[in-house]
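In: Using only what follows, build the 3D model:
(2 chains)
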Amino acid sequence: AQKVTQAQTEISVVEKEDVTLDCVYETRDTTYYLFWYKQPPSGELVFLIRRNSFDEQNEISGRYSWNFQKSTSSFNFTITASQVVDSAVYFCALSEGTGNQFYFGTGTSLTVIP
Amino acid sequence: GAVVSQHPSWVICKSGTSVKIECRSLDFQATTMFWYRQFPKQSLMLMATSNEGSKATYEQGVEKDKFLINHASLTLSTLTVTSAHPEDSSFYICSAQYRDLTDTQYFGPGTRLTVL
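Out: Sure, this is the predicted structure:
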């Protein structure tokens, strides 16, 4: 079974629109970490955020915000007032407390149209 | 901080040759490094996990004799694709992990390998 599901394969939005990227995870561990990475066309994965399983506080960083809800096993990512530079593939990942392996979702390709 | 470099960024080689890719953590000591492979428009596929000074742990289906991994120091891991063939053409990405409380992986910029 897929441990991390990103159901949205591709999303297109017009510049300045808000967009939410969904991430649903599955784990039996009580201690785990969730991550979001951005992969622009250049290919390098850029670390965006890490959240541990004991911290359900939502986080905001500039135009980015994350909504972590353990009740629904979701860790969604919202970009406010999207810009063309936000166009990239975004990966959600899970690291369980029992090991250090990452489980990546299949990624969501975001295109921001000017 | 937490910068990971990869060299080369791209390489084109003839079928049958071997290619070495280096992964370095520039400003931290990486207790563990990971090697991934990514096909176009697909997610990252973990190939192997390497800890400094010990043998790499390969994922199921990854040929250890074909993809040689050497984690010689806390800042350097190398992946050698031996006797490369066109089907080995892919984007190879390494990551390095500093074993703090968070286990964050920091990724290198990737190496695009094309085997003719």
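In: pLDDT weak spots in the chain?
Out: By default, I'm working from chain A. Counting by pLDDT under 70, chain A shows low-confidence ranges at A:1, A:98-100.
In: let's do chain B instead
Out: Using pLDDT under 70, the flagged stretches of chain B are B:1, B:99-102.
In: Which stretches in the chain count as strands?
Out: No chain was given, so I picked chain A. Along chain A, the segments classed as strands by DSSP state E run A:4-5, A:10-14, A:19-21, A:24-25, A:32-39, A:46-52, A:59-61, A:64-69, A:74-79, A:88-96, A:102-104, A:108-113.
In: Chain B is the one I meant
Out: Counting by DSSP E, the strands of chain B are B:4-7, B:10-13, B:19-25, B:32-38, B:44-51, B:57-58, B:67-73, B:76-81, B:90-97, B:105-107, B:111-115.
In: could you redo those strands as a markdown table and give each row distance to A:S95 and mean neighbour count?
Out: The way it works is simple: take the backbone N, C-alpha and C, and place the C-beta from them, glycine included. Shown next, in a markdown table, are those (distance: least, CB to CB, whole Å; neighbours: other CB atoms under 10 Å in any protein chain shown):
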| stretch | distance to A:S95 | mean neighbour count |
| --- | --- | --- |
| strand B:4-7 | 17 | 18 |
| strand B:10-13 | 29 | 14 |
| strand B:19-25 | 18 | 21 |
| strand B:32-38 | 11 | 24 |
| strand B:44-51 | 12 | 21 |
| strand B:57-58 | 16 | 16 |
| strand B:67-73 | 20 | 17 |
| strand B:76-81 | 19 | 21 |
| strand B:90-97 | 9 | 24 |
| strand B:105-107 | 8 | 24 |
| strand B:111-115 | 24 | 19 |
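In: out of the ones you listed, nearest to chain A?
Out: strand B:105-107 (3.9 Å; CB to the nearest CB).
In: Can you give the contact residues for the closest one?
Out: Identification of contacts with strand B:105-107 by CB atoms under 8 Å, 6 or more residues apart in numbering or on different chains yields A:35, A:37, A:44-47, A:95, A:102, B:2-4, B:25, B:34, B:93-98.
In: residue contacts, the nearest residue to A:S65 once chain neighbours are set aside?
Out: Spatial nearest neighbour of A:S65, chain neighbours left out: A:T78 (4.8 Å); criterion: CB to CB, 6 or more residues apart in numbering or on different chains. By CB under 8 Å, 6+ apart, the contact set of A:T78 is A:D18, A:V19, A:T20, A:L21, A:Y64, A:S65, A:W66, A:N67.
In: Which residues of chain B lie near chain A?
Out: B:2, B:32, B:34, B:41-44, B:46, B:49, B:91, B:93, B:95, B:97, B:99, B:102-110, B:112 (CB under 8 Å from any CB of the partner chain).
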